[in-house]
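Colleague: Generate a structure from the sequence data that follows.
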Amino acid sequence: GLLQELYYRLSHQTFSAKLWAYRSDRDLPQLMSFEGDTRKETQTDRNIRAVGSWKYLSEKSILELVLGMNRTRLNYFRSSTEARFVNFDSRSKEMSYSGNLNFDWKPRENLSLNWSLNSAYHRVSVFDSAQKIGYDHDRKELSLMNAAHFQPNSRLLFSFLFRSEMYDNKVIGFIPSFGAEYLIGTKRNYAFKMNASRNYHQPGLNDLYWFPGGNPDLKPEDGYAGDLAFSFEKRAEKSFFSGQITGYASLIDDWIVWQPSASGASYWEASNLRRVFARGAEVQVAFHREMNRNFSFDLKCNYSHSATSNVDAVPSVDKSRGKQLIYIPKDKANLFAEVDYKTYYLKVNAPFVGKRYTSSNNEESDYEKVLNPYWLIDLSAGRQFNFKPVRVDVVASVENLANTDYMAILWRPMPSRYYSLTIQISYKK
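Modeller: Residues are numbered from 1 along each chain as shown. Just a heads-up that it's a prediction; the model follows:
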């Protein structure tokens, strides 16, 4: 893989260009439940992304233009080694081009306005020479966003957002969002926040046409969401402590979901769930401490508990009514710690994923398997070398340090402990 970023600044203007490119060749392991003949299964991915931006800053406004390109090629092959029969030999190409024009204006100290015009063109082409089937589709998208942020006094802030979208000759004229924040405390270090919005999401081209499993009859998701939060922060001379508690809920019609085929086939397929009710709570905490000029410590952790259920299934024929959606855990958490000493640093990241169901009725048996909870521990150590104007970062990482045995997808084995070495070179003049 390759990552390159360039930045250039003038008195009132900045320019940037970013390029990402990678290729991966993978031998895919067989399903752990597979008992047939040995087979060959490989996947090759090639991707290149480029983004260029121009920004003009004045005393009360910012004008920004961002252009982007994303091209992906994926080759998938599967055959039976003994029978020499090719099951799949597909070639897929995805291309996306985007342009975004943003204008921020602050006519008064307590009022800021934003306008954003976004356009995109997507094209997907797939053909499987073994199955003799494929598809070729494209889509043009256009959206306009208007936003306003108003602060009537030092403790109260309101935000309004209105978005319109057009795609496939369809116009979605009004997608609103509203937010408010109220600061309390003598130092205004406590805050109550609330947000309410309409959510609208059209199915992607792969959702509609991917073979096998795509569904050209998918409807767009449409619903409403809201959240309430309480946040706090406390600062001292050499330390900082902050946190936030959030409760949220959403009610979405025609929720788009990929799940194992109802016909019993080995592939997954896309479908709409008539109505999904998602609700939950999240806690976030962060702590920073500077021991001295050379030594500092950071700790961040979060935990969330959520219920995401299908609430409009017919009970007599569908046992999924009121049950947790498949592969969505009720409990998730993450712990991150970092220690910096001069030019050395050590990082530990430990994500936790709770129990997940693989069947919509949430039953547990030898046939209806459940994915057990798991903790992962990732460790990385690095050092910065400064050769002005060049800086070099060398990072050695150990993923899955505890060698945890787990599955993210049923019967799909995940890697045990593995290692990586990263070298990053930065130039700043």
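Colleague: Now for Pro203, how many residues are close by?
Modeller: 20 (other C-beta atoms under 10 Å). For every residue, glycine as well, the C-beta is placed using N, CA and C.
Colleague: which SS state does it fall under?
Modeller: Assigned by DSSP: H, G, I helix; E, B strand; the rest coil, the conformation of Pro203 is coil.
Colleague: so what's it closest to, chain neighbours aside?
Modeller: The shortest distance from Pro203 to any non-neighbouring residue, by C-beta to C-beta, 6 or more residues apart in numbering, is to Leu218 (4.2 Å).
Colleague: ok but the one you found is inside a helix, no?
Modeller: No. Applying three-state DSSP, one finds Leu218 to be coil, outside a helix.
Colleague: The helix or strand hosting Val348 packs against which elements?
Modeller: Taking DSSP states H and E as the criterion, the element that holds Val348 is strand 344-353. Contact here means 3 or more C-beta pairs under 8 Å, 6 or more residues apart in numbering; DSSP states H and E; on that basis strand 344-353 packs against strand 331-341, strand 374-375, strand 378-387.
Colleague: I'd assumed Leu19 was in contact with Asn47.
Modeller: No. Contact criterion C-beta atoms under 8 Å: Asn47 and Leu19 do not qualify, at 11.3 Å.
Colleague: pLDDT averaged over the strand holding Val348 - what is it?
Modeller: Throughout strand 344-353, pLDDT has a mean value of 96.
Colleague: ditto for stretch 379-393
Modeller: Model confidence over stretch 379-393 averages 92 on the pLDDT scale.
Colleague: How about stretch 301-319?
Modeller: When the per-residue pLDDT values of stretch 301-319 are averaged, the result is 80.
Colleague: any weak-confidence spans in the stretch 1-150 of the chain?
Modeller: 33-37, 83 (pLDDT under 70).
Colleague: Direction included, what does the strand holding Val348 pair against?
Modeller: With DSSP bridges as the criterion, the sheet partners recorded for strand 344-353 are strand 331-341 (antiparallel), strand 374-375 (antiparallel), strand 378-387 (antiparallel).
Colleague: Dump these to TSV, plus distance to Thr422 and mean neighbour count.
Modeller: Formatted as TSV, the entries for the strands paired with strand 344-353 read as follows, by distance: least, C-beta to C-beta, whole Å; neighbours: other C-beta atoms under 10 Å:
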stretch	distance to Thr422	mean neighbour count
strand 331-341	16	16
strand 374-375	24	16
strand 378-387	8	14
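Colleague: Make CSV from the ones you listed and add distance to Lys140 to it.
Modeller: Rendered in CSV, the data for the strands paired with strand 344-353 read as follows (distance: least, C-beta to C-beta, whole Å):
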stretch, distance to Lys140
strand 331-341, 36
strand 374-375, 42
strand 378-387, 41
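Colleague: So which of those is nearest Ser119?
Modeller: Closest of those to Ser119 is strand 331-341, at 35.1 Å (criterion: C-beta to C-beta).
Colleague: And for that closest one, what's in contact with it?
Modeller: With C-beta atoms under 8 Å, 6 or more residues apart in numbering as the test, strand 331-341 has contacts from 294-306, 345-355, 373.
Colleague: elements contacting the strand or helix carrying Phe150?
Modeller: Counting by DSSP H and E, the secondary-structure element that holds Phe150 is strand 133-153. Strand 133-153 sits against strand 111-128, strand 156-167, helix 205-209, with contacts defined as 3+ C-beta pairs under 8 Å, 6+ apart.
Colleague: what packs against the helix or strand hosting Arg46?
Modeller: In this structure, Arg46 sits in strand 39-57 according to DSSP H and E. Based on contacts counted as 3+ C-beta pairs under 8 Å, 6+ apart, the elements that strand 39-57 packs against are strand 13-27, strand 61-80.
Colleague: Any buried residues in it, and which?
Modeller: Using 16 or more other C-beta atoms under 10 Å as the burial criterion, the residues of strand 39-57 that qualify are 39, 41, 47, 49, 51, 53, 55.
Colleague: tell me the angle of that strand relative to strand 61-80?
Modeller: Strand 39-57 runs at 170 degrees relative to strand 61-80, counting by axes from the mean of the first three to the mean of the last three C-alpha atoms, to 10 degrees.
Colleague: quick one: contacts of strand 39-57?
Modeller: 12-30, 62-81, 87.
Colleague: Buried subset of these as a ChimeraX selection?
Modeller: Applied in ChimeraX, the following selects the buried portion of the contacts of strand 39-57 according to 16+ other C-beta under 10 Å:
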select :30,64,66,68,70,71,73,76,77,78,79
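Colleague: Name all residues that make contact with the residue lying closest to Ile133 once chain neighbours are set aside.
Modeller: Computed as C-beta to C-beta, 6+ apart, the closest residue to Ile133 that is not its neighbour in sequence is Phe211, at 5.9 Å. Contact criterion C-beta under 8 Å, 6+ apart gives 126, 128, 131, 133-135 as the residues in contact with Phe211.
Colleague: Ranking by neighbours, what's the top pick from those residues?
Modeller: For these, neighbours were counted using other C-beta under 10 Å, and Val126 has the most, 22 neighbours in all.
Colleague: For the nearest residue to it once chain neighbours are set aside, which residues count as its bridge partners?
Modeller: Beyond its immediate neighbours in the sequence, the residue positioned closest to Val126 (C-beta to C-beta, 6+ apart) is Ser92, lying 4.2 Å away. Using DSSP bridges, the bridge partners assigned to Ser92 are Leu74, Val126.
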